[in-house]
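Q: Give me coordinates for this.
(chains A and B)
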Amino acid sequence: MPQSTALLTLEGEVTLAHVGDLYHQLHHQIQTCTESHITLDAAGITALDSAGAVLIQTLPRLAERHQKMLAIQNIPPPFQEVLEYFAVEAAAPVPPASPPSFLERLGDGVYRAYQSVVQLLVLIVDILWWSVIGIFNRSGARRGAFMEQCILLGSQAFGIVALILFLIGFVTALQSSAQLRQFGATIYVANLLAIGIARELGPLMTAIIVSGRSGSSIAAEIATMKFTEELDALKTMALNPIRFVVVPKFLAMTLCIPLLTVFANIMGIAGGFLVGITYLDLSAAAFGNQVLEALLLKDVLTGLIKSVSFAWVITIVAVYRGFNFKGGAEGVGIATTSSVVTSIFMIIVVDSFWGILFYFG
Amino acid sequence: MTEPIIRVTNLSTKYGDRFVLRGVNMSVNSGEIMIILGGSGCGKSTLLKHIIRLLHPYSGQIHLFGQDITRMEEHEFEPIQRQMGVLFQNGALINSLTISENVALPLQMHTRLPDDLIWEIVRVKLHLVELDHAYHLFPPELSGGMRKRAALARAIALDPQILFCDEPSAGLDPVTCLEIDQLFLKLNRQLGMTLVVVTHELESIKRIAQKITYLDQGKALFSGAFEDALKSGIPQIDQFFLKSAP
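A: Numbers count the residues shown, from 1 in each chain, chains lettered A, B, ... in the order given. Predicted coordinates:
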């Protein structure tokens, strides 16, 4: 007894632009047809490219998954070849230039400084714009890139940040106790440490460590991408390098540095706590109470505001240095070094600005 | 007569005060293979980078698909970009992604194909360039020639209407060179793909050229059919083909 056969047709342009829709349509038809044997009539195809060829060759396997047999027939001869080819299986010396005069050099210097400022401002606007767009619209960014960057720039920095802040808290408590002991005021080590770390040392040291660790890696990565034409390749694929490369890093830094700062504050105070209960003979409860009494919400918040601004400074400086990279492997080194030096300098400048604002504000 | 798919009109550009291209004219019809050739530093790669809009000209016009790309905003150029593939001289693969992820990237970003179809297309494209075994490898784990072949697979991932190649044969052995040329011819014949290839490999030119543009010190000495170039009697072109001949 002959088996019943379902007839499906494939016609029109079977090209990349239509393959997605055709796949879903045929998948649905294969899934819902009741016959176990299906014949696909491809006589009506008017255009076929590699994506179309892959689609046609994928269909029998798709049918097999649904316990059905699919046979393709009537493929027009010119397209038969395409299908087989994309088978799934299978000069006068130049006189030296005269050295520029003082005025030319001065003019050149001013012009370069002006260009750098303009480039930096354009970069900042670009990063901020695409970061805001990136929060609401995920297209144009690679899936999982933000989480990848959070792990790379944030969580992997936790160990070193925690250790350094613990030691700083420890040493600060030890040094200050030597002075406060003379006045019998060793309990105030807790106050000094809590305020000092939450307002100043926590955010500042975290930013400096992250700048050395993650800022340098961002600058080096972007400089290398420019050197190996990866950034140009992204542009030719209609992908914006700021959006694709920079925005995930910028958003990850904006989230991770404040979080690292909170952990850094806790570890710094823990370092002082160790000195308090061992060397200063303070009770754990007394030290804890003193910290909580001394610390205001404002102290923690100002520290966090600072840390967000530091995150932006580190990322923008690193990206700017990376994009302005010139030369080969040596240029990558220069971009990395100048990124760290500039960002540490800018962190201190921004910290001073916040210090003055919060002191008088 | 139909509008050429690429038309460069009176294109001039300069780096600093030095003119690199001077009044270059060139046109390529759909489905043709155009070779841009000339000595080192004559402006071949610069001309290519202008046509794919990585550089902006000092003066002149460049029409792709009938539209002047020198007067376009970035967002207006994007639909045109999706119809062209570019093979860079050094491959320019994204080093943090595997070879298959590199080839899948344009498909994932610019199409709504289901994932299993995307990975099938990636497999076919890697098979075409004989890199089936490199599917899960990262670019730094491959040789220069393999990286270039992987980059070619990425450039043709979207079956572009125009494929631009900057020195596709440089650094490759003659056999791989021949295979890449055969792939170019197949893409041209079977998909009607237009190719613009910058090269000075004589054997490669003889195998695939339909039209050539010969650049000398930033000027196009000749732009037209390959057979006509050989009969043109232009001394530089005669010298190029005679001196390069074995």
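Q: Just name the shakiest helix or strand of chain A by mean pLDDT.
A: helix A:77-85 (a mean of 87; mean pLDDT, DSSP states H and E).
Q: Does chain B have contacts with the next helix or strand after it?
A: Per DSSP states H and E, the first helix or strand lying C-terminal to helix A:77-85 is helix A:102-136. No - shown here: helix A:102-136 not in contact with chain B (Cβ under 8 Å from any Cβ of the partner chain), separated by at least 11.6 Å. Any C-beta I mention is one placed from the backbone N, CA and C, and that applies to glycine too.
Q: Low-confidence regions, the stretch 1-150 of chain A specifically.
A: Where the stretch 1-150 of chain A drops to pLDDT under 70, the residues are A:1-3, A:89-97.
Q: wait, isn't A:Thr186 in contact with A:Ser177?
A: Yes - look at A:Thr186 against A:Ser177 with Cβ atoms under 8 Å: they come within range, at 5.5 Å.
Q: Between those two, which contacts overlap?
A: By Cβ atoms under 8 Å, 6 or more residues apart in numbering or on different chains, A:Thr186 and A:Ser177 have these common neighbours: A:Leu280.
Q: which residues does A:Lys235 contact?
A: Residues near A:Lys235 by Cβ under 8 Å, 6+ apart: A:241, B:54.
Q: A:Phe227 now?
A: A:325, A:328-329, A:331-332.
Q: how about the residues of the stretch 101-250 of chain A near chain B?
A: Counting by Cβ under 8 Å from any Cβ, the stretch 101-250 of chain A sits next to chain B at A:140, A:224-225, A:228-230, A:232-239.
Q: what pLDDT does A:Gly327 get?
A: Per-residue confidence (pLDDT) for A:Gly327: 68.
Q: now swap in B:Thr98 and tell me
A: pLDDT, B:Thr98: 89.
Q: That one reaches B:Pro140, doesn't it?
A: No - at 11.1 Å, B:Thr98 and B:Pro140 do not qualify as touching, with contact defined as Cβ under 8 Å.
Q: quick one: which of those two has more around it?
A: The residue with more neighbours, out of B:Thr98 and B:Pro140, is B:Thr98; 18 against 9, by other Cβ atoms under 10 Å in any protein chain shown.
Q: and B:Arg7, helix, strand or coil?
A: State at B:Arg7, reduced to three classes by DSSP: H, G, I helix; E, B strand; the rest coil: strand.
Q: In contact with it, which residues are there?
A: Taking Cβ under 8 Å, 6+ apart, one finds B:26-28, B:61-63 in contact with B:Arg7.
Q: backbone phi and psi for the spatially closest residue to B:Gln81 that is not a sequence neighbour, please?
A: Closest residue to B:Gln81 apart from its sequence neighbours, by Cβ to Cβ, 6 or more residues apart in numbering or on different chains: A:Ala238 at 4.2 Å. Backbone torsions for A:Ala238, taken as degrees, to the nearest 10, come to phi 60, psi 30.
Q: how about stretch B:91-102, does it get close to chain A?
A: Yes - Stretch B:91-102 lies within reach of chain A by Cβ under 8 Å from any Cβ, at B:92-95.
Q: between those residues, which is closest to B:Ala134?
A: B:Leu93 (10.8 Å; Cβ to Cβ).
Q: what's the most distant pair in the contacts of A:Phe227?
A: A:Phe325 and A:Ala329 (10.7 Å).
Q: starting at the chain centroid, how far to the host helix or strand of B:Glu78?
A: Following DSSP H and E, one finds B:Glu78 within helix B:74-81. Remark: helix B:74-81 is offset 18 Å from the chain centroid, using Cα atoms, centre = their mean, to the nearest Å.
Q: No further questions, thank you.
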